[in-house]
Structures are given as C-alpha cells and as structure tokens.
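S.K.: turn this into a structure:
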Amino acid sequence: MKIPTNLKHKPILEVPNYDDIDGPYIGDTDAMGLSIGIAQWNTAGWTDLSAKVWRNSGDKWSRQSEELPLHRVLDLASLVCIAMQYCRDGNNLSSPDGFPVQRSGDNPELKRHLELMKKEIDDNKIHLDKSLERLALEFKKLGY
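M.R.: Sure thing, here's the model as predicted:
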C-alpha cells in the first residue's frame, strides 16, 4: 500500500507493503508501511526525524499509527535483544551500563507473564531471527 505524503509525518525513506513482510502477521495485519521522515511533532524550523508504523483499517489511515524518535526505535531493538537473551539464558537478566533493564516489580502476574514472553519469543523465533539478521547486516555495513 502506498504511504501517504499529505499527512503531518513526511516520509523520506519508506517500506511500502510492509504487510507482505510483517513477520507472523503476514497477510493479516493493519501495519501497511514503515517510514523514516520528518516528525509530525515538529514546529516551524525543526527537523527532527522519526520512524513511523503506518496502520490502515482498510478504509482509512489509523490514528493508532505509531511515530517514534529514531534513538527510541534502536533502544526498543536493544530491549528485544535483551529479552531474547533473558529467555534463552534461563532468567539471567543483563543489560549494558546506562541502559538499566529490570523485571517489572509492580506486575502482580509477573511470573505468568514471563512464561508467556518466553513462549512468544520461542514461537516467533523464525521471524525474530530474520529481523535480527537484517539488523545485524545493516550494523556490519555501518562498521559495528
């Protein structure tokens, strides 16, 4: 699906037809595209970039479309990696200095939710691995 350019977020780079590659949701998703562009929260003279997931209900572009600053997208990717390692390494939670990750102490169902997280990560391993391989390749191209 073609990503609109007439809305407040102004796409610069885009992944149209994301619904064709949306991991376990291929063919059954409202996430129709991804983009990096000029953030919708900018005021005159500001040019902050954001990443956006474009959602479409079939009738119109959804207000549930998400837009995040680029560093937050990468921080979320780091959190996913930490969660995957946590599940793989048997509850050994480690995170880099300056990025303190901890179990949610206020979640009364934490034990059950941790088991659900482990199951979901395991069930979606093939899709997560594909996304991680794509990310690792891009990191290598950047020299990391």
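
S.K.: okay, CA-based contacts and neighbour counts for the rest of this
M.R.: OK.

S.K.: wait, a strand at Lys52?
M.R.: Yes. Using DSSP: H, G, I helix; E, B strand; the rest coil, the secondary structure at Lys52 is a strand.

S.K.: partner residues bridging it?
M.R.: Ser35, Glu67 (DSSP bridges).

S.K.: ok, it - how many residues close by?
M.R.: Using other C-alpha atoms under 10 Å, Lys52 has 25 other residues around it.

S.K.: if I look at it, how far off is Pro16?
M.R.: Using C-alpha to C-alpha, to the nearest Å, we find Lys52 at a distance of 12 Å from Pro16.

S.K.: also Pro96?
M.R.: Summarising the geometry, the distance separating Pro96 from Pro16, computed by C-alpha to C-alpha, is 34 Å.

S.K.: hmm, back to that, give me the common contacts of Lys52 and Pro16.
M.R.: By C-alpha atoms under 8 Å, 6 or more residues apart in numbering, Lys52 and Pro16 have these common neighbours: Leu34.

S.K.: for Gly37, give me the pLDDT.
M.R.: Per-residue confidence (pLDDT) for Gly37: 90.

S.K.: what helix or strand does it sit in?
M.R.: strand 31-38 (DSSP states H and E).

S.K.: in that strand, what counts as buried?
M.R.: If you call a residue buried by 16 or more other C-alpha atoms under 10 Å, then strand 31-38 has these buried ones: 31-38.

S.K.: now do stretch 93-101
M.R.: Of the residues in stretch 93-101, those buried under the neighbour-count criterion (16+ other C-alpha under 10 Å) are Ser95.
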